[in-house]
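**Q** What follows is a predicted structure for the sequence shown.
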Amino acid sequence: MLGTLTHLDQLEAESISIIREAVGELNKVGLLFSGGKDSAVLLHLTYKALWPANLYIPVIHVDTGHNFPEVIEFRDKTVKKYNANLIVASVEDAITKGKVKDQKGVSRNKIQAPVLVELIESEGFDALLGGARRDEEKARAKERVFSFRDAFSSWDPRNQRPEPWDIYNTLHHDGEHFRIFPLSNWTELDIYQYIKQEQIELPSIYFAHERDVYLDNDLLMPVNDWITKPDVTILRKTVRFRTVGDMTCTAAIESTAKNIDEVIAEVASSTVSERGATRADDKTSKWSMEERKKLGYF
C-alpha cells in the first residue's frame, strides 16, 4: 500500500510537472541560476524532471560583477556537478561595450534587466525557468506560474493568462516569451526543509560566519569594494544571509545558525520574508520590485 504523500512530496511533484510542461511545450528553455537557495532547489528539481536524460537546458547567470565570491565559487562547482552548460550574461561586459550605464556608488541590480533581455533575444529563448516564490514579495505574489512577457520583455500584471486547474496557455508570438516559476507555491521554510531532505548543497554564506558589516538604514550591509559608504563604523558580526544577490544590495542578519537544522528553526520563527528583511533594492520605493519587473527583471 502506498503511503500518503508529504507536503514536500506534493510540492516536488507539482514543480516537476510544471518543468516538464515547459520543456515539452516550448521551443527553447533556459534556467536562471543565481547560486542562491531557490535556484539550487530549482536546478535539482529540473535534473529530476529531465532524468534519465542529461540536464540539456542551459543554466543562465546574470553576473553583475559585484557578487559574493563564495557564490561564484558555488555556481561553478554546481554547474560542473550537473555537467550543465553555463551561459554568463555579464553586466560588466555590457558596461564596457556601452550597452548599459554604470553609476558609481549605486547597485547594478537594476541594470541586470537589459542584459538579460539582450541574452533572451540573441539566444532565442521563449521561456526561462526562475526560482521566484509568491511569499517573497508583493509583486511576485501577483505572478502567474507561466508569466507572459511581451515583445519588449516587459511584465504587465493586468495582462496575464488565467491558469484554471493548473492549465497553462503557452501560445505566444515571435519575440514574446514566458518566465516560468515552478516554486511559486513554496515557502522559505519549504525550501530549507527540502534542502535538508534532498541534501542539496548551498553557498557557505547561508550559514553563520564572521564578517565585516556596517549599518545602513537598519540593514547590516556587507563591507565590499564597490558601495561601502564613507565614514561608516565597521562592525565584526556573526551573521548569515537569507537570500543571495549582489553584495551591494543584500543585507545579512545576525545569526548563530551554523547548520541546516538550526537555519530551519530560525526560519520557522521568522515573521518577515527574506526579501523584506534583507534586500536594500526592494526598499528604494513602495513598488520597486514591480517597477523592475516591468522592465524585464526576474
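**A** Nice, I can see it. Keep in mind that this is a model prediction, so the values were computed, not measured.
**Q** Please look at Lys258 and Tyr206 and confirm they touch.
**A** No. In this structure, Lys258 is not within contact of Tyr206 by C-beta atoms under 8 Å, at 10.3 Å. Any C-beta I mention is one placed from the backbone N, CA and C, and that applies to glycine too.
**Q** Which one of those two is surrounded by more residues?
**A** Tyr206 (24 against 13; other C-beta atoms under 10 Å).
**Q** quick one: the strands in the stretch 151-298 of the chain?
**A** 177-180, 209-216, 219-222, 235-240, 253-254 (DSSP state E, counting those that start in this stretch).
**Q** what packs against the first one?
**A** Under the contact criterion of 3 or more C-beta pairs under 8 Å, 6 or more residues apart in numbering; DSSP states H and E, the helices and strands touching strand 177-180 comprise helix 7-25, strand 127-129, strand 146-149.
**Q** got the contact list for that strand?
**A** 18-19, 22, 26, 29, 120, 125-130, 143, 145-149, 153, 155, 170, 172, 298 (C-beta atoms under 8 Å, 6 or more residues apart in numbering).
**Q** For Met221, list the residues it contacts.
**A** Val213, Tyr214, Leu215, Ile227, Thr228, Ala251, Ala252, Ala280.
**Q** What about the fifth one, how many residues nearby?
**A** Spelled out, that is Thr228. 18.
**Q** Repeat that for the first one.
**A** Neighbours of Val213 under the rule other C-beta under 10 Å: 22.
**Q** Give the bridge partners for the nearest residue to it once chain neighbours are set aside, please.
**A** Among residues not flanking Val213 along the chain, Leu220 sits closest, at 4.4 Å (C-beta to C-beta, 6 or more residues apart in numbering). Beta-bridge partners for Leu220, by DSSP bridges, are Leu215, Ala252.
**Q** Give me the neighbour count for Tyr47.
**A** Neighbours around Tyr47, by other C-beta under 10 Å: 17.
**Q** returning to that earlier point: of the strands of the stretch 151-298 of the chain, which approaches Glu274 most closely?
**A** Nearest of those to Glu274, taken as C-beta to C-beta: strand 253-254 at 8.9 Å.
**Q** which secondary structure elements does the closest one contact?
**A** Short answer (3+ C-beta pairs under 8 Å, 6+ apart): strand 253-254 packs on strand 235-240.
**Q** Now the residue lying closest to Asp38 once chain neighbours are set aside: which helix or strand?
**A** Among residues not flanking Asp38 along the chain, Gly131 sits closest, at 3.3 Å (C-beta to C-beta, 6+ apart). Under DSSP states H and E, no helix or strand contains Gly131.
**Q** Quick one: residues contacting Gly131.
**A** Contacts for Gly131 (C-beta under 8 Å, 6+ apart) come out as Leu32, Ser34, Gly36, Asp38, Ser39, Val41, Leu42, Phe181, Leu183.
**Q** how about TSV for those, with distance to Glu136 added?
**A** What follows is those, written out as TSV (distance: C-beta to C-beta, whole Å):
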residue	distance to Glu136
Leu32	14
Ser34	13
Gly36	11
Asp38	9
Ser39	13
Val41	14
Leu42	14
Phe181	11
Leu183	10
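**Q** among those, which ones are buried?
**A** Burial by neighbour count, judged by 16 or more other C-beta atoms under 10 Å, picks out Leu32, Ser34, Gly36, Asp38, Ser39, Val41, Leu42, Phe181, Leu183 from the contacts of Gly131.
**Q** Who does the first one form a beta bridge with?
**A** Beta-bridge pairing of Leu32, defined through DSSP bridges, involves Ile60.
**Q** mind listing what it touches?
**A** Ser39, Ile60, His61, Val62, Leu128, Leu129, Gly130, Gly131, Phe298.
**Q** rerun that using 10 Å as the cut-off
**A** Shown in contact with Leu32 (C-beta atoms under 10 Å, 6 or more residues apart in numbering): 38-39, 42-43, 59-62, 89, 116, 128-132, 179-180, 298.
**Q** what's the answer for the third one, then?
**A** With contacts defined as C-beta under 10 Å, 6+ apart, Gly36 is in contact with 42, 71, 74-75, 131, 191, 202-203, 205-206, 241-245, 250, 274.
**Q** mind running it again at 6 Å?
**A** Neighbour list for Gly36: Val244 [criterion: C-beta atoms under 6 Å, 6 or more residues apart in numbering].
**Q** From Phe148, how far off is it?
**A** 25 Å (C-beta to C-beta, to the nearest Å).
**Q** what do you get for the second one?
**A** Using C-beta to C-beta, we find Ser34 at a distance of 22 Å from Phe148.
**Q** sorry, back to before: would you mind measuring from the residue nearest to Asp38 to Arg140?
**A** 11 Å.
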